[in-house]
Structures are given as structure tokens and as C-alpha cells.
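Trainee: Output the structure for:
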Amino acid sequence: MKRQEEEYRLRAVHSAWWRRFVLEQFEGVRIHVRVLLLMQFLMNLATFTAMPLMAVHMVDHLGLAAAAIGTVFTIHLALGRALPIITGPLVDRFGFRNLMVLGLLARSAGFLLFSLAFNPAGVVGATLLIGLGTASYESALYGIFGRQSDDTITRVFVLNNFALNMGVVVGPTLGTVFILYGTIMPFRVAALLFLLLGLWSMRFGYLDHLYESRSTVTSSWAAVSTDRRFLWFLATTLPWWFLFSQLFVAFPLHATRVAGNESAANAVFVTNGVSGLIFVVVSLFAFKWIKPREMNVYCYAILLLAYLIAPAWHLLSWVLLVVFIYTVAESLILPAIETVTAELAPDGKQATYFGALGLAWGMGSALGSYVGSWAVLEAEAPWMLWGVNAAVAIIGLGLAIAFRYTERSFNLRTGSAMGEA
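Mentor: Predicted structure coming up:
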């Protein structure tokens, strides 16, 4: 009996510790931000119900070649990541709600059209709508996240990463279930979920009055284009966006070919999502000891390790191990990049700065989409995919180290502590 009582007591203490830990992460985070974090989970759940199957569907069911697949993903990224340089300043000038609603409804229409498309023109049209939706929705969302207080902003981005990874775990699982009813069913389910989210987001009009700082479109563009420090930081992120695109193109295609079945594509995203959930918790502690600018250096080193060991075995389990190591870096580098962007952005121009970050994202990912699909589908050497990624990781590591050095020099000249935040 005493032993049982001791076990119950230890379990209660352990449970209380976790409850206290979770509550501490939300301490100071405003209620509407918590609601938007829930929205991020639901948004990514809808996205990844269908997204893991897009490249595979285009190859196996529509018969598109590597160049066509690269073009489709480039269009998506060009709009979803480059268009925020326009939608971001619009958010900073006119507010959040309308562009958020527009973005979610456009994504709904895009996934529905993709489910109906049987030729390249239809796929391109669907991709245009999905990309427009991504740009509009994320400009509004990150415009709000970027306006949070200094003591909560890194936690907000870490919690955002957690919510997104929850969607990555649940979404592909739902996709695996819905694909039993036909290969296009996951895309129609995603369209329905985005429609519901768009209707729900109409209630967020009060956010336009809560955050009243506004900037004209021209002044926002002028601030970004003349901020040398921020432009140098954007350059350090380009290799990461190249590598990030492989999660959507090269990884699922490579896993499908290694395993010989389409379900391997979902396995990639489930591994990424589950690993992300684990390392989001780790990152909450890591950012207490490692500054965001230094975190980028460590993450590129982790990515380099993953790509160096990747060619060792041609097995699905080994590919998933590489995805696991990749996810460690992803879980840390995304909040670090977003935190630095928010810190460098002047008040009232946050959405524009995140729009510029999206432009860098689009440029790096567009190149990565082409190179990744080529390396899997057309390169003669099976190790080519990993060799290219390792080379890009080395470039990123060098840029991150150089930026950290210039930040220290800047702080010494100005006496500013911002670079040490």
C-alpha cells in the first residue's frame, strides 16, 4: 500500500510539473494570440491533409515531368512567399482581418480546383490560388505575431512552431484515411476545412483596432530596402529556404522511390511532425541559453551532419532518420529567424519585414524545388541529392557565422544590446 501511495505521489508531482511548465509558456501571451495559435494548428492540419500527396499525385496520376513539378511548386512559392512584399505593406496600412479572410478562402478554392484539375493548366490555376491565399493569410498573422512584447515574442514563435507541427502530424494521418476514398479526396477535405476557417476568421475585426500602429505602403518599402542590417540577415536565410523546400519535394519523392509505395510520402511528414513536437519542447529550453542569432549557426551545422550521413543506406528507415535530424534543426532555426526578423522590424512595419522574409523564402525555395526534383528524378548519381544539400548547408553555415561576427561589430560600435537579445 505504501509503495502504491508513493507511486501516486510521484505521478502527481510529475503531472503538476508538466502543467506548470505548459502554463509558464503561455504566461504573458495574449488571449487572441492563443486563438491564432490554435488557428495555425487547424490551418496546417488542412494543408497537410493534402500537401504531402501533391508531388506524388502530379507524377503518378497526372504524368508531369520534373520540370513541370518544379514549375508548379515555384509558382506556389513565388506567390506564397514573394507576394507578401505587397500584402505585408497592405496589412501594415489597412489592418489584418480582411486579408486573413481572403487568404483562407483563396486556399479553399485552390485545393478544390486542384482536386478537379486533370491537366497542367488546371494545376497551375489551383497553385496560383493557393499561393495567393498563403501570402494574404500569413501577412496578417505574422504582422500580429511580430507586434508582441520582447519578453514573449520568442515563445510565441516557438509555440507557433509547435502548433504547425501538430498540424503536420494530424494532417497526413487524415490524408492517409481520406485517400482510401480516392486520390483526390484529401484535396477536397482540405478545401472544406479552409472554407470553415475563412468563415471563422471573420470575427477577428477587433484586431484592426487593437493594433493601431500603421505605416504607409511606400514608407514600409523604403524602410526594408534601405535596412542593410536586415538585408544581410536575409542573405543568411537563403540557404535554409533552399533546404526547407526539400521537405515538400525531394524528401517525399525520394522516400516513395526507396519504399516503392505512395504512403512513404506521408511517413516523411509524420516523422517530421512528431519529431518537431518533441524538439519544440527542447527549443523552449534551448532559447534560454542560446541567442537566436547563434542558433542559426548551430542549425546549419546540424543540417550538414544530416546530409553527410544520408547516402550511407538506401532504406526508408534511414531516410526517416535523416528527416528526424533535419527536423531538429528546423524546430530551432524557424523560431530563431522569425524572432530576429521581429526584433529588427520598426514598429508598424512588422508585416512588411515578414513580407521581405517571405521573398527570401520564395527565392531560396524556388531554386530548391527545381534542384530537388531534378536530383531525385533525373540525376544519374543517387547521392546527388544529399551532396547538393550538404554544399548548401556549408554555404549557410559560413553566412551565419559571418553575420554573427558583423552583429558583434555593430553592437560594439553602437553600444546596442539588441544583437544580444
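Trainee: per-residue confidence averaged over the host helix or strand of S317?
Mentor: Assessed by DSSP states H and E, S317 sits inside helix 316-344. The average pLDDT for helix 316-344 rounds to 91.
Trainee: Report the mean confidence score over whichever helix or strand comes after that helix.
Mentor: Using DSSP H and E, the helix or strand that directly follows helix 316-344 along the chain is helix 350-377. For helix 350-377, mean pLDDT is 86.
Trainee: which helices and strands sit right next to the helix or strand following helix 350-377?
Mentor: Per DSSP H and E, the first helix or strand lying C-terminal to helix 350-377 is helix 384-414. Where contact means 3 or more CB pairs under 8 Å, 6 or more residues apart in numbering; DSSP states H and E, helix 384-414 is packed against helix 228-245, helix 292-309, helix 350-377. Any C-beta I mention is one placed from the backbone N, CA and C, and that applies to glycine too.
Trainee: can the ones you listed go into JSON lines with extra columns for distance to A121 and mean neighbour count?
Mentor: Converted to JSON lines, the helices and strands packed on helix 384-414 look like this (distance: least, CB to CB, whole Å; neighbours: other CB atoms under 10 Å):
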{"stretch": "helix 228-245", "distance to A121": "24", "mean neighbour count": "21"}
{"stretch": "helix 292-309", "distance to A121": "36", "mean neighbour count": "21"}
{"stretch": "helix 350-377", "distance to A121": "19", "mean neighbour count": "25"}
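Trainee: Between those, which one is closest to P120.
Mentor: In terms of CB to CB, the element of these nearest to P120 is helix 350-377, at 14.9 Å.
Trainee: any low-confidence regions in the protein?
Mentor: The model of the chain has pLDDT under 70 over residues 1-25, 66, 70, 77, 262, 379-382, 408-421.
Trainee: residue contacts, the closest residue to V297 other than its chain neighbours?
Mentor: Ranked by CB to CB, 6 or more residues apart in numbering and with sequence neighbours excluded, the top spatial neighbour of V297 is A400, at 4.5 Å. A400 sits next to 236, 296-297, 300 when contact means CB atoms under 8 Å, 6 or more residues apart in numbering.
Trainee: Could you check how far A400 is from A336?
Mentor: A400 sits 10 Å away from A336, going by CB to CB, to the nearest Å.
Trainee: overlap in contacts of these two?
Mentor: Listed contacts common to A400 and A336 are N296; contacts here mean CB under 8 Å, 6+ apart.
Trainee: how long is stretch 69-84 from one end to the other?
Mentor: 23 Å (CA to CA, to the nearest Å).
Trainee: For it, give me every contacting residue.
Mentor: Residues outside stretch 69-84 that contact it (CB under 8 Å, 6+ apart): 54-55, 58-59, 64, 123-124, 127-128, 130-135, 138-139, 241, 245, 248-249, 351, 354-356, 358-363, 365-366, 369-370, 373-374.
Trainee: what's the offset of that stretch from the middle of its chain?
Mentor: Its chain's C-alpha centre and that of stretch 69-84 lie 14 Å apart, by CA atoms, centre = their mean, to the nearest Å.
Trainee: can you check stretch 220-239 too?
Mentor: Relative to its chain's centre, stretch 220-239 lies at 19 Å (CA atoms, centre = their mean).
Trainee: And for stretch 34-49?
Mentor: Mean C-alpha position of stretch 34-49 versus that of the full chain (CA atoms, centre = their mean) differs by 12 Å.
Trainee: which stretches of the stretch 51-200 of the chain form helices?
Mentor: Ranges of helices in the stretch 51-200 of the chain, per DSSP state H, counting those that start in this stretch, are 54-60, 66-77, 84-94, 97-116, 120-145, 153-178, 185-200.
Trainee: I'd like to know which elements the shortest one is packed against.
Mentor: Put plainly, it is helix 54-60. Helix 54-60 packs on helix 66-77, helix 250-259, going by 3+ CB pairs under 8 Å, 6+ apart.
Trainee: how about that helix as CSV, C-alpha atoms only?
Mentor: Output of helix 54-60 as CSV, limited to C-alpha atoms (Å, rounded to 0.1, in the frame of the first residue of the first chain):
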residue,chain,number,x,y,z
MET,A,54,0.7,16.9,-54.3
ALA,A,55,4.1,16.0,-55.9
VAL,A,56,3.3,12.3,-55.9
HIS,A,57,-0.2,12.9,-57.5
MET,A,58,1.4,15.1,-60.2
VAL,A,59,3.9,12.4,-61.1
ASP,A,60,2.0,9.1,-60.7
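Trainee: Now do the buried residues in that helix.
Mentor: By 16 or more other CB atoms under 10 Å, the buried positions in helix 54-60 come out as 54-59.
Trainee: a markdown table for those residues, including distance to L112?
Mentor: Shown next, in a markdown table, are the buried residues of helix 54-60 (distance: CB to CB, whole Å):
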| residue | distance to L112 |
| --- | --- |
| M54 | 14 |
| A55 | 19 |
| V56 | 19 |
| H57 | 15 |
| M58 | 17 |
| V59 | 21 |
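Trainee: which of the residues you listed lies closest to N389?
Mentor: A55 (17.0 Å).
Trainee: thinking that closest one is in contact with L253, fair?
Mentor: Yes. Applying CB atoms under 8 Å, one finds A55 in contact with L253, separated by 5.8 Å.
Trainee: how close does the residue lying closest to R188 once chain neighbours are set aside get to W318?
Mentor: Of all residues not flanking R188 in the chain, S115 sits nearest, at 4.8 Å (CB to CB, 6+ apart). Separation of S115 from W318 (CB to CB) stands at 33 Å.
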